[in-house]
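**Student:** 3D, please:
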Amino acid sequence: MTFDPLIALGLSVSAALALLGPLVVAFVLWRRLQAPALAWLIGAGTFFVSQVVLRLPWQIPLGVWISKQQPGEAVMWAWLVASAFTAGLFEETGRWVAYRFVWKGRTATGGLMLGAGHGGFESMLLVGLNLAVSAVLYVALSQGVTLGLPEDALSVVRTQFAQLTPALTLAGGIERLSSMVVHCGLSVLVLQAFTRGSSRWLWLAIAFHTVSNVAGVGASKGLGVWPGEAVIALFALAALAWTVRWVRDDRRARAALAS
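**Tutor:** Take a look at the predicted model:
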């Protein structure tokens, strides 16, 4: 396998964005907006419980089983929609539970930090670690070091690396940035269920989460990686718009009450 320094660099940059980016975002929010650090930890815990403990243990094996049945395109699209809906249902309900029973500060700034913890921990655990391992594997295999992997696994990994381009290696890190913005927006959106006293905001968050997942993955499958990234970025911009507005309005209102 021929070594391409740009591919190694791209994988390393993406890994850094996914692993270190969430910590940088948390530090900036804590330093610039005085966002509570505890909210980040609660957000991280919310993701861990809602996804790692409650959803992924059955969702992944079920998806593997369905793929082995060689289903038609309609079934795979139905599975995509169902997976997106359960992701939204478990994660947004998890945020609601966190606001209801764990963190009752319920400021917009705190909600923003909770979202940064939720999306940041997801980025670090599910994407960043995989990208870091991929970077190490790429360098090792290109130098003839197999790291004790069996031949069938080596064949699969080499095939995947052969399909990489320097640009594609950056897609994972860029996608995580957009996804973190979406998670921050969703946390602020779910918070409205308490500040505005209506559960419809929770259902709006579930719907937005579901549609953004279906649209992003669907665009990637049908049109390619970068059109998929563009779709996710559009959802991130929408989430950023309401997040900035509600955080700003909340901070102004609290400042007025304190003066």
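
**Student:** helices or strands next to the one helix or strand residue 64 maps to in the packing?
**Tutor:** Under the criterion of DSSP states H and E, residue 64 resides in helix 56-68. If you count contacts as 3 or more CB pairs under 8 Å, 6 or more residues apart in numbering; DSSP states H and E, helix 56-68 packs onto helix 73-97. Placement of C-beta: from N, CA and C, glycine included.

**Student:** so how far is the helix it packs on off the chain centroid?
**Tutor:** 14 Å (CA atoms, centre = their mean, to the nearest Å).

**Student:** which elements pack onto it?
**Tutor:** Other elements packing on helix 73-97 under the criterion 3+ CB pairs under 8 Å, 6+ apart are helix 37-47, helix 56-68, helix 108-122, helix 171-195, helix 200-223.

**Student:** quick one, it and helix 200-223 angle?
**Tutor:** Taking axes from the mean of the first three to the mean of the last three CA atoms, to 10 degrees, one finds helix 73-97 and helix 200-223 inclined to each other by 150 degrees.

**Student:** what angle do helix 73-97 and helix 56-68 make?
**Tutor:** Per the same axes, to 10 degrees, the angle that helix 73-97 makes with helix 56-68 is 170 degrees.

**Student:** circling back: of the helices and strands packed on helix 73-97, which is nearest residue 240?
**Tutor:** Comparing these against residue 240 with CB to CB, the closest turns out to be helix 171-195 (5.3 Å).

**Student:** what mean pLDDT does that closest one have?
**Tutor:** Averaged across helix 171-195, the pLDDT comes to 96.

**Student:** how big is the angle separating that helix from helix 73-97?
**Tutor:** Going by the same axes, to 10 degrees, helix 171-195 makes 50 degrees with helix 73-97.

**Student:** now do helix 171-195: which elements does it pack against?
**Tutor:** Helices and strands touching helix 171-195, by 3+ CB pairs under 8 Å, 6+ apart, are helix 5-33, helix 73-97, helix 108-122, helix 200-223, helix 225-258.

**Student:** helix or strand with the lowest mean pLDDT in the chain?
**Tutor:** Every helix and strand in the chain was compared by mean pLDDT, DSSP states H and E; the lowest is helix 151-162, with a mean of 87.

**Student:** who touches that one?
**Tutor:** With contact meaning CB atoms under 8 Å, 6 or more residues apart in numbering, helix 151-162 is reached by 1, 7, 137, 138, 141, 146, 149.

**Student:** leaving out sequence neighbours, find the closest residue to residue 184.
**Tutor:** Spatial nearest neighbour of residue 184, excluding adjacent residues (CB to CB, 6 or more residues apart in numbering): residue 115 at 3.6 Å.

**Student:** and that neighbour, how far from residue 60?
**Tutor:** Distance from residue 115 to residue 60, counting by CB to CB, to the nearest Å: 24 Å.

**Student:** looking at these two, which is more packed in?
**Tutor:** Per other CB atoms under 10 Å, whichever of residue 115 and residue 60 has more neighbours is residue 115, with 31 against 11.

**Student:** chain center to stretch 178-195: distance?
**Tutor:** Distance, stretch centre to chain centre, for stretch 178-195: 13 Å (CA atoms, centre = their mean).

**Student:** how about it as PDB, C-alpha atoms only?
**Tutor:** C-alpha atoms of stretch 178-195 as PDB (Å, rounded to 0.1, in the frame of the first residue of the first chain):
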ATOM      1  CA  SER A 178     -21.900  20.600  11.600                       C
ATOM      2  CA  SER A 179     -23.400  17.900  13.900                       C
ATOM      3  CA  MET A 180     -22.200  19.700  17.000                       C
ATOM      4  CA  VAL A 181     -24.000  22.900  15.900                       C
ATOM      5  CA  VAL A 182     -27.100  20.800  15.400                       C
ATOM      6  CA  HIS A 183     -26.800  19.200  18.800                       C
ATOM      7  CA  CYS A 184     -26.400  22.600  20.500                       C
ATOM      8  CA  GLY A 185     -29.500  23.900  18.600                       C
ATOM      9  CA  LEU A 186     -31.500  20.800  19.600                       C
ATOM     10  CA  SER A 187     -30.700  21.200  23.200                       C
ATOM     11  CA  VAL A 188     -31.800  24.800  23.200                       C
ATOM     12  CA  LEU A 189     -35.000  23.700  21.300                       C
ATOM     13  CA  VAL A 190     -35.900  21.100  23.900                       C
ATOM     14  CA  LEU A 191     -35.300  23.700  26.600                       C
ATOM     15  CA  GLN A 192     -38.200  25.600  25.200                       C
ATOM     16  CA  ALA A 193     -40.500  22.900  26.400                       C
ATOM     17  CA  PHE A 194     -39.800  24.200  29.900                       C
ATOM     18  CA  THR A 195     -39.300  27.900  29.300                       C
END
